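**Student:** Here is a sequence with its predicted model. Questions after.
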Amino acid sequence: MSRSATTLSPSQLDVLEAESVHIIREVAAEFERPVLLFSGG
């Protein structure tokens, strides 16, 4: 696998972050009591 295939540029990260925030906001608006599960390990 080439290095460029595994490395995301800042603009690609910005797109992924914006998409994630959009999805979370959509879910939060649709449900009365949304829950976000997180595992730090």
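**Tutor:** Great, that's in hand. Residues are numbered from 1 along each chain as shown.
**Student:** What are the buried residues along the one helix or strand residue 21 maps to?
**Tutor:** Using DSSP states H and E, residue 21 maps to helix 10-30. Buried positions in helix 10-30, judged by neighbour count with 16 or more other Cβ atoms under 10 Å: none. Where C-beta positions appear, they are placed from N, C-alpha and C, glycine not excepted.
**Student:** where does this protein have its least confident helix or strand?
**Tutor:** Least confident element among the helices and strands of the chain, by mean pLDDT, DSSP states H and E: helix 3-6 (a mean of 60).
**Student:** At the geometric centre of the chain, which residue sits there?
**Tutor:** For the chain, the residue nearest the mean C-alpha position is residue 20 (3.1 Å; Cα atoms, centre = their mean).
**Student:** measure that residue to residue 26 for me?
**Tutor:** For residue 20, the distance to residue 26 equals 11 Å [Cβ to Cβ, to the nearest Å].
**Student:** ok, now residue 11?
**Tutor:** Separation of residue 11 from residue 26 (Cβ to Cβ): 23 Å.
**Student:** same deal with residue 16?
**Tutor:** 16 Å.
**Student:** now do residue 18
**Tutor:** Taken as Cβ to Cβ, the span from residue 18 to residue 26 is 13 Å.
**Student:** Same check on residue 13?
**Tutor:** 20 Å.
**Student:** chain center to stretch 11-30, what's the gap?
**Tutor:** 6 Å (Cα atoms, centre = their mean, to the nearest Å).
**Student:** and it, average pLDDT?
**Tutor:** For stretch 11-30, mean pLDDT is 92.
**Student:** could I get that stretch in CSV with only the CA atoms?
**Tutor:** C-alpha atoms of stretch 11-30 as CSV (Å, rounded to 0.1, in the frame of the first residue of the first chain):
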residue,chain,number,x,y,z
SER,A,11,-8.9,18.8,3.4
GLN,A,12,-10.0,15.1,3.4
LEU,A,13,-10.1,15.2,7.2
ASP,A,14,-12.2,18.4,7.1
VAL,A,15,-14.7,16.6,4.8
LEU,A,16,-14.9,13.6,7.1
GLU,A,17,-15.4,15.7,10.2
ALA,A,18,-18.1,17.8,8.6
GLU,A,19,-19.9,14.7,7.5
SER,A,20,-19.7,13.2,11.0
VAL,A,21,-21.0,16.4,12.6
HIS,A,22,-23.9,16.5,10.1
ILE,A,23,-24.9,12.9,10.9
ILE,A,24,-24.7,13.5,14.6
ARG,A,25,-26.9,16.7,14.3
GLU,A,26,-29.4,14.8,12.1
VAL,A,27,-29.8,12.1,14.7
ALA,A,28,-30.0,14.5,17.6
ALA,A,29,-32.8,16.4,15.8
GLU,A,30,-34.7,13.3,15.0
